[in-house]
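Asks: Prediction below, plus the sequence it came from.
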Amino acid sequence: MTTLTTGKQYGLYINGKWEQTAEMMEVLNKYNQEVTAHISVAEKEHVDAAVQGAKEAVKAPFSPYARYEVLMKAAQLLVERCEEFAQVLALEVGKPIRESRGEIERAAQTLVISAEEAKRIHGEGIPVEAAPGSENRMAFTVRVPVGVIAAITPFNVPVNLVCHKIGPALAAGNSVVLKPAEVTPICALMLAELMEEAGLPKGRLQVLTGDGAKIGEWLLENKDVNMFTFTGSPRVGEYIRSKAGLRKVALELGNNSATIVHNDANIEQAASLIAQKSFNNAGQVCISVQRVYVQEDIFASFIALLKQKTEKLVVGDPSDESTDIGPMIRIGEAERVESWVNEAVEQGATIALGGKRNGALYEPTILTHVNDDMKVCRQEVFGPVVSVATYKEKDEVIAKVNDSDYGLQAGLFTNDLQFAMKASREIEVGGLIVNDASAYRVDHMPYGGVKNSGNGKEGPKYAIEEMTEERIIVLNL
Ligand SMILES: NC(=O)C1=CN([C@@H]2O[C@H](COP(=O)(O)OP(=O)(O)OC[C@H]3O[C@@H](n4cnc5c(N)ncnc54)[C@H](O)[C@@H]3O)[C@@H](O)[C@H]2O)C=CC1
Ligand SMILES: O=C(O)[C@H](O)CS(=O)(=O)O
């Protein structure tokens, strides 16, 4: 197993072999901006070789039980190497070490759930004999793998979100060509080593690193890719859909997640959960709380509590056990967040807490006196900034939550069952979380959005539905 040490050079993983390219790309330690490793840069010939190898591999027998065993073994190895992976995450993402360990534990669970699902893939009996003239027939469906799946993943959760793609894809009997984010590729390469050690047949997993746009283009041009599963920005997701033609596409995209705090809620609980779930991974989580709507009667007490809890968060070195908030992925991203906050202030917002930047570190920031058209509310911040606004009536706040191009998840704190059920029917999202913030996810639940947040669901059971085709078999007896 490799470790991330300064100067380490990583190859592409094609047909079970590691291949280093002449051109290499730097991977930075996101806290101190030092070069920590180099990755290979795939060219078109590598992309085509990987797809061809994946296409060949999918023809070889790989029974559901064998898939189960490989994925369970991989999960076990990941648990054993949790610390090693977590240290790499802290370096390449800048994710605080305690949170990094949490990601690895979840990723191992994602593999276990995928393994279990490998044994449950099934079709159904179809009563064709009920049609006049078909009395002597019987029919059933089976689910067959789609074939070669290109999986393209983002920088922010580079182990668990990779496992959410390769776990279900392999469980369903497919081959995967993985293209991890160029700024956080090391954990994906380590996962490929781990999969090989777990006994994954050669060619079933290929990993290509390098320029995302170029590799993406070559994958889109290659007609042997049967499906694209993408997590990342709406801009790239829309592009992939526009170029994929009639092939399957599953998209997990952005969000500007809202959470409502109603006047009958437990505001202590709401403030604690919102303080935590607005700033995890420096807000670079697509269900991170970005817009909070508080019923006006409880605004003053809620803000006081939220400030009190947020003030306790420690910003700094992600490898330090006490750190809650590490750097953003790039200094440029922290500068963008800084400029959006400054613009909001020029437009009338107040900084209740935070608002300062030091390199890639941006303080956890609470804004009040915001309006829905400021960038910090209207667009996806993907940074440690939460905007708090007030509302009077239930219908008004539901309309505010829905006044968004996105619809991944939302949160609602209330003890009013009628309000909870009304919100469940009327809020336009893939998931509504009652008495918690928008950023709640466990790995076996269906996860995916509506509107510009994408389409298709993740969570191994649901991803397997996307990653298989339903075929009907009719018997003329
Ligand atoms: N819904 C969800 O589950 C999640 C959504 N996201 C979203 O992802 C975004 C942040 O992640 P980033 O890595 O910055 O997103 P991104 O869209 O810039 O990159 C995502 C991946 O796409 C690749 N890529 C870039 N250009 C491409 C092209 N032309 N064709 C094919 N692939 C291409 C990148 O190399 C990377 O691997 C945010 O908008 C965030 O909301 C992030 C995590 C989870
Ligand atoms: O959307 C994301 O950023 C992640 O899917 C959220 S989680 O899986 O890390 O909870």
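Replies: Received, thanks. Ligands and ions are numbered 1, 2, ... in the order given.
Asks: Can you pull the residues of this structure lying near ligand 2?
Replies: Counting by C-beta under 6 Å from any ligand atom, the chain comes close to ligand 2 at Asn156, Val157, Asn160, Leu161, Val285, Cys286, Ile287, Arg441. For glycine as for every other residue, the C-beta is placed from the backbone atoms N, C-alpha and C.
Asks: Let's see which of those end up in helices.
Replies: Among those, the members falling in helices (DSSP state H) are Asn160, Leu161.
Asks: Please tell me how far the longest helix belonging to the chain is from the chain's geometric centre.
Replies: Longest helix in the chain by number of residues (criterion: DSSP H): helix 97-118. The chain centre lies 13 Å from the centre of helix 97-118; the measure is C-alpha atoms, centre = their mean, to the nearest Å.
Asks: ok, and for it, which residues are buried?
Replies: 97, 99-104, 106-118 (16 or more other C-beta atoms under 10 Å).
Asks: Which strands and helices lie in contact with that helix?
Replies: Packing partners of helix 97-118 (3 or more C-beta pairs under 8 Å, 6 or more residues apart in numbering; DSSP states H and E): helix 64-80, helix 82-92, helix 160-171, helix 460-466.
Asks: immediately after it, which helix or strand?
Replies: Read in the C-terminal direction, the helix or strand following helix 97-118 is strand 125-126, with elements assigned using DSSP states H and E.
Asks: can you give me the mean pLDDT across that next one?
Replies: For strand 125-126, mean pLDDT rounds to 98.
Asks: Convert the C-alpha atoms of whichever helix or strand Ile149 is part of to PDB, please.
Replies: Element membership for Ile149 (DSSP H and E) is strand 148-152. In PDB, the C-alpha atoms belonging to strand 148-152 read as follows (Å, rounded to 0.1, in the frame of the first residue of the first chain):
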ATOM      1  CA  VAL A 148     -18.900   0.000 -19.000                       C
ATOM      2  CA  ILE A 149     -19.600   2.900 -16.600                       C
ATOM      3  CA  ALA A 150     -17.500   6.100 -16.600                       C
ATOM      4  CA  ALA A 151     -17.500   7.500 -13.100                       C
ATOM      5  CA  ILE A 152     -16.500  11.100 -12.600                       C
END
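Asks: Can you pull out the residues in contact with it?
Replies: 51, 54-55, 58, 162, 165-166, 169, 174-179, 212, 216, 219, 224-232, 236, 240, 467 (C-beta atoms under 8 Å, 6 or more residues apart in numbering).
Asks: Are any of those buried, and if so which?
Replies: 51, 54-55, 58, 162, 165-166, 169, 174-179, 212, 216, 219, 225-232, 236, 240, 467.
Asks: Restricted to strands, list those residues.
Replies: Judged by DSSP state E, strands contain the following of these: Ser175, Val176, Val177, Leu178, Lys179, Met227, Phe228, Thr229, Phe230, Thr231.
Asks: Serialize those to a markdown table and add fields for pLDDT and distance to Gly147.
Replies: Formatted as a markdown table, those follow (pLDDT from 0 to 100; distance: C-beta to C-beta, whole Å):
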| residue | pLDDT | distance to Gly147 |
| --- | --- | --- |
| Ser175 | 98 | 7 |
| Val176 | 99 | 11 |
| Val177 | 99 | 11 |
| Leu178 | 99 | 15 |
| Lys179 | 98 | 17 |
| Met227 | 98 | 8 |
| Phe228 | 98 | 12 |
| Thr229 | 98 | 13 |
| Phe230 | 98 | 17 |
| Thr231 | 98 | 20 |
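Asks: quick one: which of those residues is nearest to Val47?
Replies: For these, the closest approach to Val47 (C-beta to C-beta) belongs to Val177, at 7.8 Å.
Asks: beta partners for that closest one?
Replies: Ala150, Gln206 (DSSP bridges).
Asks: List the contacts of it.
Replies: Shown in contact with Val177 (C-beta under 8 Å, 6+ apart): Val47, Ala50, Val51, Ala54, Val148, Ile149, Ala150, Ala151, Gln206, Leu208, Leu219, Val225.
Asks: Check the gap between it and Asn226 for me.
Replies: Using C-beta to C-beta, to the nearest Å, one gets 11 Å for the distance from Val177 to Asn226.
Asks: residue ranges with poor pLDDT in this structure?
Replies: Within the chain, the stretches with pLDDT under 70 are 1-6.
Asks: interface residues of it facing ligand 1?
Replies: Residues of the chain lying near ligand 1 (C-beta under 6 Å from any ligand atom): 152-156, 179, 181-182, 212-213, 216, 231-233, 236, 239-240, 252-254, 286, 380, 382, 408.
Asks: Any figure for the gap between Val35 and Glu92?
Replies: For Val35 relative to Glu92 (C-beta to C-beta), the value is 12 Å.
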